[in-house]
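Peer 1: Okay, sequence plus prediction incoming.
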Amino acid sequence: MSGVVGIVGRGPVNQLIYDSLLLLQHRGQDAAGITTYNQSYFHTHRGPGLVRDVFRTRNMRNLLGNSGIGHVRYPSVGSAENADEMQPFYVNAPFGISLVHDGNLSNWRQLREELFSIDRRHINTNSDSEVLLNVFAHELQRAAENEALDPTIVFNAVQATQRRVKGAYAVIVQIAHFGLVAFRDPNGIRPLCVGQHRTEKGTEWMVASESVGVTGCGFDLIDDVAPGEAVIISTDGQLYRQPCAEQTQLSPCVFEYVYFARPDSTIDGVSVYDARLKMGEYLGDKVAKNLRLADIDVVMPIPDSARPSAMQLAAQLKLNYREGFIKNRYIGRTFIMPGQAVRKRSVRQKLSAIPMEFKGKNVLLVDDSIVRGTTSREIVEMARSAGANKVFFASAAPPVRYPNVYGIDMPSSEELIAYNKSTEQVANDIGVDGLIYQDLADLERALHDLSPRFDRFESSCFNGDYVTGDIVIDS
């Protein structure tokens, strides 16, 4: 999972890209990078850490140009420590191309071999994003055949790329002397949207992972890039759009709505906040069927993404709602931190309990999901240490039992606490008096209630059904 942004403006875009990356920081905290284009030159700065730490005034001054792309990184394929794998990536032929990518290619190893043995291109890292860049560059060179670039040639190159690559990808490409190209995989797994800003000098265009990255910079959200669609924004601000995949379906990653995306974002026409409220409604129905409501004194969310679900659940069941945990805003999201030891240590740095809200009470904690169980176990211990009498736990997502191969760091089933375990066993592992999981059918129904556009969902981490059809997980 990563955050991407691209802008074609009427003036310098370095500050706009920086601001958008700040709004997308939740999508990746490992590294950040920006590449701008000005007078035939690409200007790049990238480095490890948060956006605010990577870019200094001297770096921003060197990022010249009226167009550019940016990236915040959460490594999925590749190494978190390797500076060569930070984005944007660049190749000088054909034309000069830089690229940012959110997602994960499921056939990147095969493509890497093809690039070397057939296309005669060398890949210097273990990043699937570098593979994707070189596939696109090769197909663009074939499509151009020494002709001047135009939208038709670029669309043809995207079509050829779509035929070769499999997996999840939301991509923004910057081509020298031409403009930006953005495209999304045929299943629409990872999000991508388009916005515009009308100025006296003309229209400015932005493409970003989430709508908050667009609207938060003063742009108006136009719509989402459709599955398999390509969007071209020329250097003079002309917009072109075309479907480029033969077969498409809208199958977004359901975890975007559960956890990853910001609540103030809209993805594929659905408000993330409204989706989490709906999840709370269905979760409330299941809680009422499986727990004695008289045994629950108070409902508390695990900040922040579970708050809408917890609020709706408490209101629906007419239970008291309280904020029992205070979040330290300066600690990153533990789920996307590399390493179990780091995640465990960070939980208590990130959250602190308010003892008066727990003492002598039976508490129902509501979280967005339970993945490895590290965070949940620590939080339950904190609630008991603060004086809770009984601790119940409700997850707005079903049990996570399978790895995610489309850009989320869930590399093996053995890391997942619910793998090959019953709900009762998980409850015992995290130390609660009762555990309620959302049903997958209810989770997906919550999203269908808000939009009929969805064909299906990428819910493989819950059911092992991978939408690209080319993944086999050993049981």
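Peer 2: Here it is on my side, so go on.

Peer 1: which stretches of this protein have low pLDDT?
Peer 2: 75-81, 330-346, 410-411, 474-475 (pLDDT under 70).

Peer 1: Let's see that with 80 instead.
Peer 2: By pLDDT under 80, the low-scoring segments of the chain are 75-82, 329-348, 408-411, 473-475.

Peer 1: per-domain residue ranges of it.
Peer 2: Using automatic domain parsing, the domain ranges for the chain come out as 3-249, 271-452.

Peer 1: Tell me which residues of stretch 148-166 come out buried.
Peer 2: Going by neighbour count (16 or more other Cβ atoms under 10 Å), the buried part of stretch 148-166 is 149, 151, 153-162, 164-166. Yep, even glycine has a C-beta here, placed from its N, CA and C like the rest.

Peer 1: Now go through the residues you listed and say which are in helices.
Peer 2: Filtering the buried residues of stretch 148-166 for membership in helices, criterion DSSP state H, returns 151, 153-162, 164.

Peer 1: Out of those, the closest to G202 would be?
Peer 2: P151 (18.5 Å; Cβ to Cβ).

Peer 1: Run through the residues that contact the closest one.
Peer 2: In this structure, P151 makes contact with 232, 234, 240, 242, judged by Cβ atoms under 8 Å, 6 or more residues apart in numbering.

Peer 1: If we use 7 Å, what do you get?
Peer 2: For P151, the contacting residues are 232, 240, by Cβ atoms under 7 Å, 6 or more residues apart in numbering.

Peer 1: Same check on A314?
Peer 2: Listed by Cβ under 7 Å, 6+ apart, the contact set of A314 reads 299, 321.

Peer 1: tell me the SS of it?
Peer 2: helix (DSSP: H, G, I helix; E, B strand; the rest coil).

Peer 1: How about F183?
Peer 2: In the three-state summary, F183 is assigned as strand, counting by three-state DSSP.

Peer 1: Quickly note the distance from L364 to Q425.
Peer 2: As defined by Cβ to Cβ, to the nearest Å, L364 lies at a distance of 20 Å from Q425.

Peer 1: out of those two, which sits in the busier spot?
Peer 2: L364 (30 against 12; other Cβ atoms under 10 Å).

Peer 1: Mind listing the residues bridging to the more buried one?
Peer 2: For L364, the beta-bridge partners under DSSP bridges are V299, F392.

Peer 1: quick one: it and D295 touch, right?
Peer 2: No: if you go by Cβ atoms under 7 Å, L364 and D295 don't touch, sitting 9.1 Å apart.

Peer 1: circling back to that earlier point, okay, the domains of the chain in TSV with distance to R262 next?
Peer 2: Listed next are the domains of the chain as TSV, based on distance: least, Cβ to Cβ, whole Å:
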stretch	distance to R262
domain 3-249	5
domain 271-452	7
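
Peer 1: nearest to T468, of those?
Peer 2: domain 3-249 (5.3 Å).

Peer 1: how long is that closest one end to end?
Peer 2: With Cα to Cα, to the nearest Å as the measure, the ends of domain 3-249 fall 22 Å from one another.

Peer 1: Tell me the gap between it and the middle of its chain.
Peer 2: Domain 3-249 sits 15 Å away from the centroid of its parent chain (Cα atoms, centre = their mean, to the nearest Å).

Peer 1: Going forward, count from 474.
Peer 2: Got it, the first residue is 474 from now on, which makes the last one we talked about domain 476-722.

Peer 1: So what touches stretch 837-856?
Peer 2: Contact with stretch 837-856 is made by 731-732, 769, 772-775, 778-779, 782-783, 786, 807-808, 813, 816-817, 820-821, 824, 826, 831, 836, 864-870, 873, 888-891, 902-905, as judged by Cβ under 7 Å, 6+ apart.

Peer 1: can you check stretch 725-744 too?
Peer 2: Identification of contacts with stretch 725-744 by Cβ under 7 Å, 6+ apart yields 474, 499-500, 661-664, 683-685, 694, 697, 723, 745-746, 748-749, 778, 781, 841-842, 869-870, 879, 881, 916-917, 920, 923-924, 926, 930-932, 934.

Peer 1: at 6 Å instead, please
Peer 2: Stretch 725-744 is touched from outside by 661-662, 664, 683-685, 697, 745-746, 748, 778, 841-842, 870, 923-924, 930-932, with contacts defined as Cβ atoms under 6 Å, 6 or more residues apart in numbering.

Peer 1: just the buried members of those residues?
Peer 2: Buried subset of the contacts of stretch 725-744 (neighbour count, 16+ other Cβ under 10 Å): 661-662, 664, 683-685, 697, 745-746, 748, 778, 841-842, 870, 923, 930-932.

Peer 1: Would you report which members of these are assigned to strands?
Peer 2: Members of the buried ones among the contacts of stretch 725-744 lying in strands (criterion: DSSP state E): D697.

Peer 1: Look up which residues are beta-bridged to the residue nearest to D503 when sequence neighbours are not counted.
Peer 2: In space, and not counting its chain neighbours, D503 is closest to R546: 4.8 Å by Cβ to Cβ, 6 or more residues apart in numbering. Counting by DSSP bridges, R546 is bridged to A504.

Peer 1: Thought Q502 was touching R546, still the case?
Peer 2: No: between R546 and Q502 there is no contact under Cβ atoms under 6 Å: 8.3 Å.

Peer 1: Who has more neighbours out of these two?
Peer 2: Taking other Cβ under 10 Å, R546 and Q502 do not tie; R546 has more neighbours (28 against 19).

Peer 1: Tell me if I'm right that V687 and W678 touch.
Peer 2: No: using Cβ under 6 Å, V687 makes no contact with W678, being 9.9 Å away.

Peer 1: ok, which stretches of the stretch 674-823 of the chain are helices?
Peer 2: 685-688, 727-728, 745-763, 780-790, 813-823 (DSSP state H, counting those that start in this stretch).

Peer 1: With distance to N599 added, can I get these in TSV?
Peer 2: Formatted as TSV, the helices of the stretch 674-823 of the chain follow (distance: least, Cβ to Cβ, whole Å):
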stretch	distance to N599
helix 685-688	28
helix 727-728	24
helix 745-763	32
helix 780-790	37
helix 813-823	22
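
Peer 1: just so I know, which of the ones you listed lies nearest R582?
Peer 2: helix 727-728 (24.1 Å).

Peer 1: list the contacts for the residue in the chain sticking out farthest from the centre?
Peer 2: Computed with Cα atoms, centre = their mean, the residue of the chain farthest from its C-alpha average is G833, at 39.0 Å. Residues near G833 by Cβ under 6 Å, 6+ apart: N862.
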